[in-house]
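Could you work out the structure for the sequence below:
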Amino acid sequence: MGGSKIFKTNMELITIFCIFAILGLVLIAGCIESGVSGAEAVVIKISPGGEKISETVIPCSGIHQTSPYIRTLPAKISGNGSFVIIQYPNISTELITRAVIIDNNGKMIKDTVFPAIDKDIFDLIAFENDTVVAISEDGILYSFSSNGDLVSGTSVFELDGEITKSGYTFASAAPAAGEEIVLAGEDKKPGYVQILNISPEEKKVSETRIKIGGMPWIHKVIQTDDGGFLVGGSYSDSASFPHSRPWIAKTDDNGSLLWENKLGSVNDSFIDFYESEDGEYHIIYAAQVTGENGSYRDQYIEAIVDNSGNMVSTANDSILKYPKLISKDGLIFTETISGTDGGKKLHIIKTNAEGETEWDSLCELSESSATSSSIGSGIVRTVDGGYLITGARYYY
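Here you go, the predicted structure:
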């Protein structure tokens, strides 16, 4: 009798196991069917006046089906070419890193895969000697020649063993005087920011740790014309956590904090900033607007702060989009829209330094049945005054 009960119990367990196994197979099949079936990176060259010169489509075969993404990072180099880093996870979740060189006619002249680069690249810096430095979140500097060859890969902690390993990933980098690099991120000690001034050629690093208070998140850092640093991003304190607001901070050339400014309201989102010719700082952020259907964001705000941290002006912009490229020469807005013929077009708006529309262009894109696209996620101004716009398309 006992054996019969055990047999019955085992059969019930086996039946339950089989049901769960079948359900698992159904879920897996569903995930595969709903996963991406193909993806491609897209590189578009735009003239200084907004006309499309070329469009290069780069298939990304073997991309991870259920968690696909393609990161594209363009860099400005001299001569008849453009440099782009492409990263995406393959079917085994390994990170694929490719360096692509494209000439100004849109022809891809080199495509190299680098298995040794298995870290997320968040920024590229191009120097006048056409060396391009790709910077990973864990502080590795990958130096490339202008033809796409990897020259070296060095951790900032190898350059100087005394540098604090904060445990956080670096978030922003920018060129500095004398072909140096400034690199910034949050420090492991709450309320602190870490800034590194790096000289790759001399293999020297100087470190600055700035006490901010609260919880600052670095989105951008630049070296200002007076030799100091401007950092910006999001800021949260005990009263607003886990929400945040836009924030900037200014240091002198020794890294000592001069002032900080918290902008907008809680739940507004930092976008970018730049330093103008007259030494003022223009900060762009997205305001949260509450309407009949709840909270949404449909505009950006430009705040201007002087070199002492005093607010000069704040203005809402009439363009209901967020700028993708922000500089002292003006702003660039991009969006992919559907054409009347069913095709896709790239809409680009260029404003000048005064905020006036300089040109408004609608460029035809190559025929595609992609379900979604992120064209415009990467954009950089090229040496000829035009623009390199990158992104990706996904097929489901």
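
For residue 101, which non-adjacent residue is closest in space?
residue 110 (4.1 Å; C-beta to C-beta, 6 or more residues apart in numbering). All C-beta spots, glycine's among them, are computed from the backbone N, C-alpha and C.

The helix or strand that neighbour falls within packs against which elements?
For residue 110, the enclosing helix or strand under DSSP states H and E is strand 108-113. In terms of contacts (3 or more C-beta pairs under 8 Å, 6 or more residues apart in numbering; DSSP states H and E), strand 108-113 is packed against strand 52-59, strand 95-102.

can you list the residues that contact the first one?
Contacting residues not belonging to strand 52-59 are listed as 38-47, 86, 100, 102, 104-108, 111, 346, 363-366, 386 [C-beta atoms under 8 Å, 6 or more residues apart in numbering].

Which of those residues are buried, as a ChimeraX select command?
Selecting just the buried residues from these in ChimeraX takes one command, with 16 or more other C-beta atoms under 10 Å as the test:
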select :38,39,40,41,42,43,44,45,46,86,100,102,104,106,346,363,365,386
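
and among the helices and strands packed on strand 108-113, the most buried is which?
For those, the largest average neighbour count (mean count of other C-beta atoms under 10 Å) is found in strand 95-102, namely a mean of 21.

Within the sheet, what are the partner strands of that strand, with directions?
In the sheet, strand 95-102 lines up against strand 82-89 (antiparallel), strand 108-113 (antiparallel) (DSSP bridges).

what are the ranges of the helices in the stretch 151-300 of the chain?
Ranges of helices in the stretch 151-300 of the chain, per DSSP state H, counting those that start in this stretch, are 156-159.

and the spatially most central residue of the chain, what helix or strand is that in?
In the chain, the residue lying closest to the centroid (C-alpha atoms, centre = their mean) is residue 122, at 6.0 Å. For residue 122, the host element (DSSP H and E) is strand 121-126.

who does the helix or strand that comes right after that strand pair up with?
Toward the C-terminal end, the helix or strand that comes next after strand 121-126 (DSSP H and E) is strand 132-136. Looking at strand 132-136 with DSSP bridges, its partner strands are strand 121-126 (antiparallel), strand 140-144 (antiparallel).

export those to CSV and tack on mean pLDDT?
Output for these, formatted as CSV (pLDDT from 0 to 100):
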stretch, mean pLDDT
strand 121-126, 93
strand 140-144, 95
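
Compare the ones you listed and give me the one nearest residue 325.
strand 121-126 (14.1 Å; C-beta to C-beta).

How far does that closest one sit from its chain's centre?
The chain centre lies 9 Å from the centre of strand 121-126; the measure is C-alpha atoms, centre = their mean, to the nearest Å.

same check, this time on stretch 201-214
Centroid separation between stretch 201-214 and its chain, computed with C-alpha atoms, centre = their mean, is 22 Å.

Now do the buried residues in it.
By 16+ other C-beta under 10 Å, the buried positions in stretch 201-214 come out as 205, 207-208, 210, 212, 214.

Stretch 275-292 now?
For stretch 275-292, by 16+ other C-beta under 10 Å, it's 275, 281-288.

Lowest-confidence member of these, which is it?
The lowest pLDDT within the buried residues of stretch 275-292 belongs to residue 288, with 72.

Quick check: the closest residue to that one other than its chain neighbours vs residue 307, distance?
Excluding the flanking residues, the one nearest residue 288 by C-beta to C-beta, 6+ apart is residue 267, at 4.5 Å. Distance, residue 267 to residue 307, by C-beta to C-beta, to the nearest Å: 29 Å.

Those two: which has the busier surroundings?
Taking other C-beta atoms under 10 Å, residue 267 and residue 307 do not tie; residue 307 has more neighbours (18 against 15).

wouldn't the more buried one be in contact with residue 226 here?
Yes - proximity of residue 307 to residue 226 meets the contact threshold set by C-beta atoms under 8 Å, at 7.3 Å.

Quick one: residues in contact with stretch 132-143.
By C-beta under 8 Å, 6+ apart, stretch 132-143 touches 73, 75, 77, 83, 85, 117, 119-127, 131, 144-146, 150-157, 169-171, 173, 181, 183, 196, 198, 200.

Can I get the buried part of these as one PyMOL selection?
Only the buried entries of those go into this PyMOL selection, using 16+ other C-beta under 10 Å:
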select buried, resi 73+75+77+83+85+117+119+121+122+123+124+125+126+127+131+144+146+150+153+154+156+157+170+171+173+181+183+196+198+200
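
hmm, back to that, can you lay out the helices and strands packed on strand 108-113 as CSV showing mean pLDDT and distance to residue 314?
Below are the helices and strands packed on strand 108-113 laid out as CSV (pLDDT from 0 to 100; distance: least, C-beta to C-beta, whole Å):
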stretch, mean pLDDT, distance to residue 314
strand 52-59, 93, 35
strand 95-102, 94, 40
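
how about those strands in TSV, adding distance to residue 249?
Putting those into TSV (distance: least, C-beta to C-beta, whole Å) gives the following:
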stretch	distance to residue 249
strand 52-59	39
strand 95-102	32
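
Would you mind saying which of those strands lies nearest residue 333?
That would be strand 52-59 among the helices and strands packed on strand 108-113, by C-beta to C-beta, at 15.9 Å.

Direction included, what does that closest one pair up with?
strand 38-46 (antiparallel).

Show me how far the strand it pairs with is from its chain's centre.
On C-alpha atoms, centre = their mean, the centre of strand 38-46 falls 16 Å from the chain's centre.
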